[in-house]
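Undergrad: got a predicted structure plus its sequence, pasted below:
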Amino acid sequence: MAEILARTVEATRRYGAVTALDRVSLDIRAGELVGLLGPNGAGKSTLVNLFAGLRRPTSGTVELLGGSPQDPVRRRGIGVTPQETGLPPALRVGECVDFVAAHFPEAVSREALLERFGLGDLVRRQIGGLSGGQKRRLAVALAFVGNPRLVFLDEPTTGLDVEARHALWDAIRDFHAGGGTVVLTSHYLEEIEALAERVVVIGEGRVLTDDTMDAVRGLVGVRRVTLTGPGLPDLPGVLGVEHEGSRTHLLTADADALVRELVLAGVPFSGLEIRPTSLEEAFLTITTREPQTA
Ligand SMILES: Nc1ncnc2c1ncn2[C@@H]1O[C@H](COP(=O)(O)OP(=O)(O)OP(=O)(O)O)[C@@H](O)[C@H]1O
């Protein structure tokens, strides 16, 4: 098994009466690309902040690169893009990168970094004059300046247009392909779907699910069988029926059996499509079901 780069053991974080994280135990291993998914206020940012040493747990322990997340030496091995960043408006883009790079023994080259994040043309531009999307890209790029082993990206592509988002995904994939470890949170399910190999679903401060992307998608076990066909009879194993124009969607746990039934019933149909549940459907099912007692 790969080395554990970050770990929480029974970590709880309270803010006054609010329990933002409730006894969370999680290992992040070298080479993983982990997506943290959960509704607003679930505790995702709190978890990232504990890992990155920006907050301490109320109880339980947090380890980063084999030591304390408060240890500056460990922190030099990671990169972080918080959900909100305030960059100094008077600094030029290149100066800002140089300033952050000065904190790391093995910083990447400024040119290579800005190129990778599509900011090459903006090196002399003052940060105050950047668009919102450009500022966000710079904030994400800064997580990679120190040549980290592990990056934490909290909602990295919020506010970016589709093209910029995809470019950023490529940069994250490149980093991962080169052996880098990534933990990211996102509200865009398609982003988690496009990037993450492992999905940790968090709800009300607890880990509800921690599994591979495929397993999370398959968790619900429901398939959607779509076809065009007039007057479908009642068929066994159909959990739900939806109509959309001339198309009918049949939800079932056993698509193979349903198709056999359709054929045996001699129903004329066309345009048969079978689709696994989307991450969105799985996510809604996981986060709205009764919490399991620990
Ligand atoms: N500094 C703070 N003071 C008080 N309460 C806080 C603080 N930070 C977070 N909380 C509360 O802790 C809970 C978890 O918040 P957190 O920001 O970790 O959730 P999140 O999953 O990142 O949400 P979002 O998707 O909206 O960013 C929320 O109820 C939030 O209001």
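TA: The structure has been received and is ready for your questions. Residues are numbered from 1 along each chain as shown.

Undergrad: so which residue of the stretch 51-200 of the chain comes closest to the ligand?
TA: Closest to the ligand within the stretch 51-200 of the chain is residue 83: 5.9 Å, counting by Cβ to the nearest ligand atom. C-beta coordinates here come from the backbone N, C-alpha and C atoms, glycine included.

Undergrad: for that residue, which residues are in contact?
TA: Counting by Cβ atoms under 8 Å, 6 or more residues apart in numbering, residue 83 makes contact with 45, 154, 155, 158, 185.

Undergrad: again, only this time at 10 Å
TA: Contacts for residue 83 (Cβ atoms under 10 Å, 6 or more residues apart in numbering) come out as 44, 45, 48, 49, 139, 153, 154, 155, 156, 158, 185.

Undergrad: kindly report the same for residue 117.
TA: Contacts of residue 117 (Cβ under 10 Å, 6+ apart): 97, 134, 137-142, 144, 164, 167-168, 170-171.

Undergrad: if we go to 6 Å?
TA: Shown in contact with residue 117 (Cβ atoms under 6 Å, 6 or more residues apart in numbering): 137, 141, 171.

Undergrad: make sure the first one is indeed in a helix.
TA: Yes. The secondary structure assignment for residue 137 places it in a helix, going by DSSP: H, G, I helix; E, B strand; the rest coil.

Undergrad: what about it, how many neighbours?
TA: 26 (other Cβ atoms under 10 Å).

Undergrad: from residue 153, how far out is it?
TA: 12 Å (Cβ to Cβ, to the nearest Å).

Undergrad: likewise for the second one?
TA: Here residue 141 is placed at a distance of 11 Å from residue 153 (Cβ to Cβ).

Undergrad: against which helices or strands is the strand or helix carrying residue 24 packed?
TA: Per DSSP states H and E: residue 24 is located in strand 18-29. Here strand 18-29 touches strand 4-15, helix 44-51, going by 3 or more Cβ pairs under 6 Å, 6 or more residues apart in numbering; DSSP states H and E.

Undergrad: switch the cut-off to 10 Å
TA: Helices and strands touching strand 18-29, by 3 or more Cβ pairs under 10 Å, 6 or more residues apart in numbering; DSSP states H and E, are strand 4-15, strand 33-37, helix 44-51, strand 59-64, strand 181-185, strand 198-203, strand 206-212.

Undergrad: contacts (any at all) between the ligand and it?
TA: Yes. For strand 18-29, a contact with the ligand is found by Cβ under 6 Å from any ligand atom, at 18, 20.

Undergrad: partners of that strand, with directions?
TA: Using DSSP bridges, the strands paired with strand 18-29 are strand 4-15 (antiparallel).

Undergrad: off-centre distance for the strand it pairs with?
TA: Its chain's C-alpha centre and that of strand 4-15 lie 18 Å apart, by Cα atoms, centre = their mean, to the nearest Å.

Undergrad: just to revisit the earlier point, output the contacts of residue 117 as TSV; include the columns distance to the ligand and pLDDT.
TA: What follows is the contacts of residue 117, written out as TSV (distance: Cβ to the nearest ligand atom, whole Å; pLDDT from 0 to 100):
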residue	distance to the ligand	pLDDT
137	20	94
141	21	96
171	22	93
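
Undergrad: what's the closest of these to residue 28?
TA: Within the contacts of residue 117, proximity to residue 28 (Cβ to Cβ) peaks at residue 171, which comes in at 19.8 Å.

Undergrad: wouldn't the closest one be in contact with residue 140 here?
TA: Yes. Between residue 171 and residue 140 there is a contact under Cβ atoms under 10 Å: 7.8 Å.

Undergrad: apart from its chain neighbours, what residue comes closest to the most centrally placed residue in the chain?
TA: When Cα atoms, centre = their mean is applied to the chain, the residue found nearest the centroid is residue 35 (3.0 Å). Of all residues not flanking residue 35 in the chain, residue 196 sits nearest, at 3.1 Å (Cβ to Cβ, 6 or more residues apart in numbering).

Undergrad: who's in contact with that neighbour?
TA: Residue 196 neighbours (Cβ under 10 Å, 6+ apart): 32-37, 182-184, 186, 212-213, 216, 279.

Undergrad: so which of these reach the ligand?
TA: Answer for these near the ligand: none qualify (Cβ under 6 Å from any ligand atom).

Undergrad: could you flag which of those residues are buried?
TA: Among those, those scoring as buried are 32-37, 182-184, 186, 213, 216, 279 (criterion: 16 or more other Cβ atoms under 10 Å).

Undergrad: so which of these is the closest to residue 228?
TA: Looking across these and measuring by Cβ to Cβ, the closest to residue 228 is residue 279, at 26.5 Å.
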